[in-house]
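J.: one predicted model, sequence on top.
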Amino acid sequence: YEIMPSLVGSEMCIRDRFKGEEEPPCHRVCTCQKCIRTGDIDNVGKTARHGTYFEMLGNFSFGDYFKHEAIAWSWEFLTSPQWVGLEADRLYPSIYLDDDEAFDIWNKEIGIPKERIFRFGKEDNFSVGDERDMVLIGFLAFLDPPKPSAASAIRQLQNYGIEVKVLSGDNDAVVRTVARQVGITGKALTGRELEELEGEELRRAVQEASVFSKVTPLQKTQIITLLQEAQHTVGFLGDGINDAAALRQSDIGISVDSAVDIAKESADIILLEKDLMVLGEGVVEGRRTFGNIVKYIKMTASSNFGNMFSVMAASAFLPFLPMMPIHLLVQNLLYDISQTTIPFDRMDTEYLRKPRKWDASGLSRFMIRIGPISSIFDLTTYLLMWYLFQCQSAEMQALFQSGWFVEGLLSQTLIVHMIRTRKIPFIQSRASWPVMAMTFAIMAFGIAIPFTPFGASIGLVALPWSYFPWLAATLTAYCVLTQAIKNRYVKRFNSWL
C-alpha cells in the first residue's frame, strides 16, 4: 500500500498517473481525504454551505478498475448492521448507460432485480443551468426546536447574574427566532455589521448585543476577547469545528460528548448530557464551594489573629502560663474537627445571586476588625478567673487554664456560625444540619473534658457550677458584639464573605 499525503490538492499526486506519464506502483487506489474547497476558499467558515473542512471517500484506478470489489464493499457498507444498516430493498443502484459489466455485478452477484437498476448517460447529468421552467410543488422544512428545558435554564443563569449571548454562523432570521424562543431578546448584530465597527464603538456593541448571527470563527474569538478585556469572565459552549478557537480563548470552554473531536479537545468541561440545566447547577455548586472556602479562610485567620493577642496579653501579666501547650493542641484539634463540615454548609441565597472574586485585601481588613473581638472576651475571662475565682497563684493555675480552655473553645466554635452569614445566625440564617450537629457536639465535649479522666491527664480540673452562668453571659455578649460589628462592617464595605 502506498500513502500519498498532499497539502495542495487531492488529485495533484496522481494526475501524471492518470495521464499515463508515470507508471504507478499499484493500479488500485482508495482515498480518504479532508479537503478545503480551494475554488471558493474566501467563503470558508462564513456561510453554512462552505464548511471549513469536508471529508471525502473515493477510489481511483489506472486501467484496472476493481468494480467487483468496489460494488461488493459499498453494498456491505450500506446494508450491514455493523455499519450504516440501510434496508436493502430500498436501495436503487445507478450505472453508466452502456456499463453492462456493472449491471451484471449488481444483478447477478449482488442480487438486485433488473427493474431496480437504472442506466444514465451524459444527458442525464444536471447542473445549475437545468434549474429553469420549474414548477413549485411545495416546501420542505426542517424543524429543530430548542429543548424544553433551554428557556428555564437560561432564565436560571440570568437570575444568577450571568448574561447569555448567542454566537452563531447561521442565518440572521433563524438565530433571532431561536434566541427569542429561549428568552434572549436583546440587541442583535450580524457578522457583516461587526466588520464595519472598530475601536470603542465595537467594544460597546459587543457589550450591548445579546445575539450575534452569521459570524465567522475569527469573529467569535474576537467577541470573547473583547468581553475579557472588559473584565468579564467568559464561558463558551460549542460543539463544532468552527467553535474550537473560541473554546480555547474563553475562560471556561464547554462542549458535549457528541461534539467533534477538536471541540472536545479544546474544551475544559464536557457535558455528558445535552441539558443546559447542568450549567445552572454547576454555577450554584461552584459559588457555594467558593463561599465555603472563603468562610474557612476568614474563620481561621480571624480566630488565630485574636488568639495571638490573648496569649500575648496573658503572658505579660500572669505569673503562670495561661494555657499549657497540650491544652492549645487539644483546643485547636477540636476546633479543626468542628470545621470539617463547612464544605457541606449552605450559602445564603443573596450570596449566590452574583459571581464573586477572591479579594486578598479584604482578608486582612476582615482579620484586623473581627479577630480582636474574641480577645476582648478572653480578657474578661482572665479577670473573671483572677478576681472572682481567685486564680492568682501557681497552685490555682489549673483552674484558670480550665476556665479559659472552655471559654476559648466555645467562642472559637461559635464564630463558625457568626462568620458563615452576614445575617443574624440561628434566626435569619441557619447552618446545615452537619455543621449544627458537629459544632454543638464539639462544644458539649469541650465543656465535659475538665470533668473527665482525660482532662485530668492533661492538667485540667473540674470547674465550679458558678462558672457556667458567667460563661453563658460571656458567650452571649460575644455574639451580640460580633453581630453589631458585622452590621457596621457590611454597611461600610458592602461585603462580608
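T.: Alright, I've got the coordinates.

J.: C-alpha from now on. contacts and neighbour counts both.
T.: Will do.

J.: can you tell me the closest non-neighbouring residue to Leu272?
T.: Leaving out its chain neighbours, the residue that sits closest to Leu272 by Cα to Cα, 6 or more residues apart in numbering is Asp257, at 5.5 Å.

J.: what sits against that neighbour?
T.: Asp257 sits next to Lys264, Ile270, Leu271, Leu272, Glu273 when contact means Cα atoms under 8 Å, 6 or more residues apart in numbering.

J.: now distance to Phe454 too, for those residues, in TSV please.
T.: Shown next, in TSV, are those (distance: Cα to Cα, whole Å):
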residue	distance to Phe454
Lys264	58
Ile270	52
Leu271	52
Leu272	53
Glu273	54
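
J.: spatially nearest residue to Met323, not counting backbone neighbours?
T.: Gln401 (5.1 Å).

J.: please report how far that neighbour lies from Thr300.
T.: Applying Cα to Cα, to the nearest Å, the value for Gln401 to Thr300 is 22 Å.

J.: next one: Gly235
T.: Computed as Cα to Cα, the Gly235 to Thr300 distance reads 33 Å.

J.: more neighbours: which of the two?
T.: Thr300 (20 against 17; other Cα atoms under 10 Å).

J.: host element of that one?
T.: helix 277-317 (DSSP states H and E).

J.: and if you look at Phe445?
T.: Element membership for Phe445, per DSSP H and E: helix 433-448.

J.: give me the mean pLDDT for that helix.
T.: Mean pLDDT, computed over helix 433-448, is 92.

J.: contact partners of that helix?
T.: Under Cα under 8 Å, 6+ apart, the answer for helix 433-448 is 334-335, 337-339, 341-342, 344-345, 406, 409-410, 413-414.

J.: biggest separation within the residues you listed, which pair?
T.: Using Cα to Cα, those span at most 26.1 Å, a distance reached by Phe344 and Val406.

J.: these two - which one has more neighbours?
T.: Neighbour totals were compared for Phe344 and Val406, and Val406 leads with 23 against 15 (other Cα under 10 Å).

J.: kindly state the pLDDT recorded for the more buried one?
T.: For Val406, the model assigns a pLDDT of 92.

J.: go on, the one 4 residues further on?
T.: Looking at Leu410, its pLDDT reads 91.

J.: could you do Ile297 as well?
T.: Reading off the model, Ile297 has pLDDT 89.

J.: count the residues that sit near it.
T.: With neighbours defined by other Cα under 10 Å, the count for Ile297 comes to 14.

J.: with the one 10 residues further on instead?
T.: Residues contacting Asn307 under the criterion other Cα under 10 Å number 18.

J.: sorry, back to before: phi and psi next, for the residue nearest to Leu272.
T.: As for Asp257, its main-chain torsions (degrees, to the nearest 10) stand at phi -70, psi -20.

J.: pLDDT value on it, please?
T.: 87.

J.: same question, Phe468
T.: On pLDDT, Phe468 comes in at 92.

J.: so how far is the host helix or strand of it off the chain centroid?
T.: Taking DSSP H and E as the definition, Phe468 sits inside helix 467-493. The chain centroid and the centroid of helix 467-493 are separated by 39 Å under Cα atoms, centre = their mean, to the nearest Å.

J.: related to what we said a few turns ago, state the distance from the residue nearest to Leu272 to Ala151.
T.: On the measure of Cα to Cα, Asp257 and Ala151 end up 22 Å apart.

J.: SS state for Glu265?
T.: Three-state assignment for Glu265 (DSSP: H, G, I helix; E, B strand; the rest coil): helix.

J.: for the stretch 251-400 of the chain, which spans come out with low pLDDT?
T.: Within the stretch 251-400 of the chain, no stretch has pLDDT under 70.

J.: can we see that at 90?
T.: 256-266, 271-284, 295-325, 328, 332, 335-336, 338-340, 346-397 (pLDDT under 90).

J.: start and end of stretch 261-276, how far apart?
T.: The stretch stretch 261-276 measures 21 Å between its terminal residues, going by Cα to Cα.

J.: buried residues in that stretch, which are they?
T.: Ile262, Ala263, Lys264, Glu265, Ser266, Ala267, Asp268, Ile270, Leu271, Leu276 (16 or more other Cα atoms under 10 Å).

J.: what's in contact with that stretch?
T.: 147, 149-150, 153-154, 238-241, 243-245, 247-248, 252-257.

J.: now those residues: which count as buried?
T.: Buried, going by 16+ other Cα under 10 Å: 150, 153-154, 238-241, 243-245, 247-248, 253-256, out of the contacts of stretch 261-276.

J.: which ones among these are found in strands?
T.: Judged by DSSP state E, the subset of these located in strands is Gly253, Ile254, Ser255, Val256.

J.: quick one: which of these is nearest Asn107?
T.: Nearest member of those to Asn107, counting by Cα to Cα, is Val256, at 44.7 Å.

J.: please report the distance of that closest one from Met312.
T.: For Val256, the distance to Met312 - Cα to Cα - is 58 Å.

J.: now do Thr225
T.: Between Thr225 and Met312 the computed distance is 52 Å (Cα to Cα).

J.: more neighbours, the two?
T.: Set side by side, Thr225 and Met312 show more neighbours around Thr225, with 17 against 11, by other Cα under 10 Å.

J.: please look at the more buried one and Arg248 and confirm they touch.
T.: No - Thr225 is beyond contact range of Arg248, at 10.9 Å (criterion: Cα atoms under 8 Å).

J.: show me what contacts the closest residue in space to Tyr160 that isn't next to it in sequence?
T.: Distances taken as Cα to Cα, 6+ apart place Arg353 nearest to Tyr160, at 4.4 Å, with adjacent residues excluded. With contact set as Cα under 8 Å, 6+ apart, Arg353 has these partners: Asn159, Tyr160, Gly161.
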